[in-house]
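Engineer: Predicted structure and sequence below. I'll ask about it afterward.
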Amino acid sequence: MALEPKGRAFYWRTPSGSNGRFLKRDADLAPQARALRSGRPYFSKVAPVGYDAWPPMPHPSKKHAALVQMTLEEIRALVQADLRSVDVVIRARLKSAVPLVDQVAEHIITGGGKRLRPLLVVLTARACGQQGVSHIEAAAFIEFIHTATLLHDDVVDGSSLRRGRDTANEVYGNQASVLVGDFVYSRAFQMMAGLACQPVMEIMAEATNVIAEGEVLQLMNAHNPDTTEQRYLEVIYRKTAKLFEAGAEVAAVLAQAQAPVRRALATYGRHLGIAYQLVDDVLDYRSNPKERGKNLGDDLAEGKPTLPLIHALKSGSETQRTAIRRAIEQGGLEQLEQVVAAIEATGALDYTARLARTELEQALSSLGPLPDSSYKDGLAALARFAVEHTT
């Protein structure tokens, strides 16, 4: 398949048809309909209950974004009011009349996590000059899509531990986890429809389809030691980076950014997501399980051929290649010590980390069209965090 010309990576073309006609509009939605016909998102003048509306713009930074160093806490502080509002919306929108849904949802909410995707959305929107509150809802539904994929992933992978605590499927069973994952997905699309913005619906419809295909591709690659680097990169684009890409683009749309800025920010999100996943794959073999909340070698145990393994298979000795192939084919952790020794000896982790740094540079370059501001600095620092995180 040919590359899509607008910068969406790898093997995806935007569908030629539109699926947006399902949204019903009546007299109450006339302003939204007029906004859609003009190509501009519709915004209410009144902030919904629970939002910290219309926070002031920080003074633009005098430093170039690429030179600014911030901790994750400092990045969050730039949009602290927005993030509080996102938390309020997440709790409100996960409420259900069905008790089991509420129980599993509470388990998810209290499970921690960095919430990088909502942070990306609100930072991007503010960097584009957003003055409304629609990006708050967008940040929440992006996190819902991510949450739903985790619920389903843990069932598919048979995982019992995430972020240092029992997974939902471990506590409530596979059936409940899958069904609540479906609920979270559908709630996300309810929220998207509520924005009455056709470009947002199209971006997210494409993104969720690409993510689902990525899950299937990963399943096809499982226990296959002949998986190529190109195929691996396609999987991590679809499974991980696509949602970062969509989140950044949705934020730019809601902030009414021009098309070149939208494309640049989608590219930024894509490279950020790829870098983050590459480092995550390094940490699967080089991290503290207690700090990370995941067991060392989880990917190997599930027979997933990630880039460190793929590179070691190309570069290792016959003995090392045999050990790695057997480990991927059989799964489990019986070969973990030999595999870790092989990927260290072949420089596979350093190779993967170098590729992550290349993605970082491309992400930073994509921020060029944005005007200088503290929010732009935050986006640059967030990209750096993607390659420096250790948990």
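Structural biologist: Everything's here; your move.
Engineer: close enough to count as contact, R126 and L83?
Structural biologist: No - with contact defined as Cβ atoms under 8 Å, R126 and L83 do not form a contacting pair (11.4 Å). C-betas here are computed from N, CA, C, even on glycine.
Engineer: More neighbours: the two, which one.
Structural biologist: Of the pair R126 and L83, R126 is the one with more neighbours under other Cβ atoms under 10 Å, namely 25 against 20.
Engineer: Please save the CA atoms from the helix or strand containing the more buried one in CSV.
Structural biologist: With elements delineated by DSSP states H and E, R126 resides in helix 116-127, which encompasses its position. Written as CSV, here are the backbone C-alpha positions of helix 116-127 (Å, rounded to 0.1, in the frame of the first residue of the first chain):
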residue,chain,number,x,y,z
LEU,A,116,0.4,11.4,28.9
ARG,A,117,-2.3,11.4,26.2
PRO,A,118,-4.6,13.9,27.9
LEU,A,119,-1.5,16.0,28.8
LEU,A,120,-0.6,15.9,25.1
VAL,A,121,-4.1,17.0,24.0
VAL,A,122,-4.4,20.0,26.4
LEU,A,123,-0.8,21.2,25.8
THR,A,124,-1.3,21.0,22.0
ALA,A,125,-4.6,22.9,22.2
ARG,A,126,-3.1,25.7,24.3
ALA,A,127,0.0,25.9,22.1
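Engineer: I'd like the next helix or strand past whichever helix or strand V250 is part of.
Structural biologist: Using DSSP H and E, the secondary-structure element containing V250 is helix 242-254. Toward the C-terminus, helix 242-254 is succeeded by helix 259-283 as the next helix or strand (DSSP H and E).
Engineer: Rounded mean pLDDT for that next one, please.
Structural biologist: Per-region confidence: helix 259-283 scores 96 on mean pLDDT.
Engineer: and if you look at stretch 171-185?
Structural biologist: Stretch 171-185 shows a mean pLDDT of 88.
Engineer: following the helix-or-strand element of the chain with minimal mean pLDDT, which helix or strand shows up next?
Structural biologist: Of all the helices and strands that make up the chain, the one with the lowest confidence by mean pLDDT, DSSP states H and E is helix 30-38; it has a mean of 38. Sequence order places helix 72-78 as the next helix or strand after helix 30-38, per DSSP H and E.
Engineer: Go ahead and name everything in contact with that next one.
Structural biologist: Contact with helix 72-78 is made by 58, 83, 114, 119, 123, 126, 374-375, 378, 381-382, 385, as judged by Cβ atoms under 8 Å, 6 or more residues apart in numbering.
Engineer: And that helix, how far out from the chain middle?
Structural biologist: A distance of 18 Å separates the C-alpha centroid of helix 72-78 from that of its chain, computed with Cα atoms, centre = their mean, to the nearest Å.
Engineer: my guess is E234 contacts L217, does it?
Structural biologist: Yes - contact status for E234 versus L217: in contact at 6.7 Å, counting by Cβ under 8 Å.
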